[in-house]
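[1] Have a look; sequence and predicted model below, questions after that.
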Amino acid sequence: MKFTVLGSGAGLPSKDRNTQSFVIDCVLEYNEYILIDAGEALQHRILHTHIKPSKIKNIFITHLHGDHIFGLPGFLSSRAFQGGEGIPLTIYGPAGLREWLDLTFKISESTLNYPLEIIEVEADMTIRLNDFTVRVLPLSHGIDSFAYIFKENDKIGELLTDKLLALGLKPGPVYGKIKASETFTVEGKEYQTADFIGETIYGRKIAVHGDTRLNSKEDYLNQLFNADLIVHEATFLKDEKEKAHDYFHSEINQVLNMFSELNYKQLLFVHISSRYTDEDIREVSAALNDKAAIAFDYFELPIPRNVQ
Ligand SMILES: [Zn+2]
Ligand SMILES: [Zn+2]
């Protein structure tokens, strides 16, 4: 599994940064890509990657500002001609998404040749998707804006076959029976199955935020605990906390401080304003801790499985 940035910019695109779009690449695990946000020229960005539009089967829209959705109609239309015919697609997003898409398709006389389902989300909703549970958290951005927390289910460890063989149990249907029960008996002696199971494989957690002011509520921070990856906006990179608050955005140091007590593995800053120069970015990046980074377009971050 890996996280790919297709657009790391805020508001206006620049030559180097497209407006916001990300992909969770879970082709190996679930044979699909999950797209989050669809900034303008999304489909052009995809052309520079190995991503197959037909394998984008679920899209999550954080909020309905143009820099997060203006690439959606074009992508949906082109997908039909890029192997997507007949392959269903579901889009999750705030209320208003269906009306906007319906009107856009009606007026432009566009039709799709695959089933499209639009699910309008609400705060604190839970969505089941493959082996993920997706939590929808409300943010503060002047209009409805959400964070999506993708949590892969934990998996029971593998059977320790060496230990079972030592008891004289050869591989076969008996292994399945053992895994399904709490205890098992060999030659009159009872054993605890837990003693014959390897370490639990903990599911990965990826938290992707829409645009937002700082949000330090405890119940929100609890949801991010132990995240493998937190993706958060940093529209403001310098000491501009008040401005960030006034414009319903965040400033990078505020975000770092907010997460300073939180246990997480990686923090990726996105939604970077086009007014910052490369030198500005280098300067701010140099001051970040090992776990944090400022994203750039086509940035890829592997998210390995957790075995603890
Ligand atoms: Zn934005
Ligand atoms: Zn916005």
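    Thanks, I have the structure now. Residues are numbered from 1 along each chain as shown. Ligands and ions are numbered 1, 2, ... in the order given.

[2] can you confirm Phe296 is in a strand?
    No. If the criterion is DSSP: H, G, I helix; E, B strand; the rest coil, then Phe296 is coil and not within a strand.

[3] Can you get me a residue count around it?
    By the criterion of other Cβ atoms under 10 Å, Phe296 has 15 neighbours. Just so you know, the C-beta spots here come from the backbone N, C-alpha and C atoms, and that holds for glycine as well.

[4] Surely it and Val5 touch.
    Yes. Phe296 is within contact range of Val5, at 7.0 Å (criterion: Cβ atoms under 8 Å).

[5] I figured Ser54 hits Ser78, correct?
    No. Counting by Cβ under 8 Å, Ser78 is not a contact partner of Ser54; they are 10.7 Å apart.

[6] check whether stretch 245-252 contacts ligand 1.
    No. Judged by Cβ under 5 Å from the ion, stretch 245-252 stays clear of ligand 1, getting no closer than 8.1 Å.

[7] I'd like the numbering to begin with 562 instead of 1 from here.
    Renumbered: residue one is now 562, and that last one reads stretch 806-813.

[8] Relative to the whole chain's centre, how far out is that stretch?
    Relative to its parent chain, stretch 806-813 has a centroid offset of 22 Å by Cα atoms, centre = their mean, to the nearest Å.

[9] That one near ligand 2 anywhere?
    No. Using Cβ under 5 Å from the ion, stretch 806-813 never reaches ligand 2; the gap is at least 7.4 Å.

[10] Isn't Gly729 up against Val735?
    No. Look at Gly729 against Val735 with Cβ under 8 Å: they stay out of range, at 10.9 Å.

[11] who's more crowded, those two?
    The residue with more neighbours, out of Gly729 and Val735, is Val735; 13 against 8, by other Cβ under 10 Å.

[12] Can I take it that the more buried one is in a strand?
    No. Going by three-state DSSP, the assignment for Val735 is helix, not a strand.

[13] any idea how far it is from Tyr763?
    Distance, Val735 to Tyr763, by Cβ to Cβ, to the nearest Å: 28 Å.

[14] Check Gly647 too.
    36 Å.

[15] Residue numbers of this protein in contact with ligand 1?
    Going by Cβ under 5 Å from the ion, the residues of the chain near ligand 1 are 626, 628, 772.

[16] Tell me the most packed of the residues you listed, by neighbour count.
    Highest neighbour count within the residues of the chain next to ligand 1: Asp772, with 27 neighbours (other Cβ under 10 Å).

[17] ok now do that residue, which residues does it touch?
    571, 623-624, 626, 629, 700, 702, 706, 794, 796, 809-810, 832 (Cβ atoms under 8 Å, 6 or more residues apart in numbering).

[18] Filter those residues down to the ones in strands?
    Per DSSP state E, strands hold the following members of the contacts of Asp772: Glu794.

[19] what sits against the residue of the stretch 612-761 of the chain found nearest ligand 1?
    The stretch 612-761 of the chain approaches ligand 1 most closely through Asp628 (4.3 Å), counting by Cβ to the ion. With contacts defined as Cβ under 8 Å, 6+ apart, Asp628 is in contact with 570-573, 580-581, 600-601.

[20] Would you state the helices of the stretch 612-761 of the chain in chain order?
    Ranges of helices in the stretch 612-761 of the chain, per DSSP state H, counting those that start in this stretch, are 627-630, 633-640, 658-668, 722-727, 734-741.

[21] what is the mean pLDDT for the second one?
    Helix 633-640 shows a mean pLDDT of 97 in the predicted model.

[22] in it, what's buried?
    Across helix 633-640, burial judged by 16 or more other Cβ atoms under 10 Å covers 633-638, 640.

[23] Closest to ligand 2 out of these?
    Nearest to ligand 2, judged by Cβ to the ion, of the buried residues of helix 633-640 is Leu633 at 14.7 Å.
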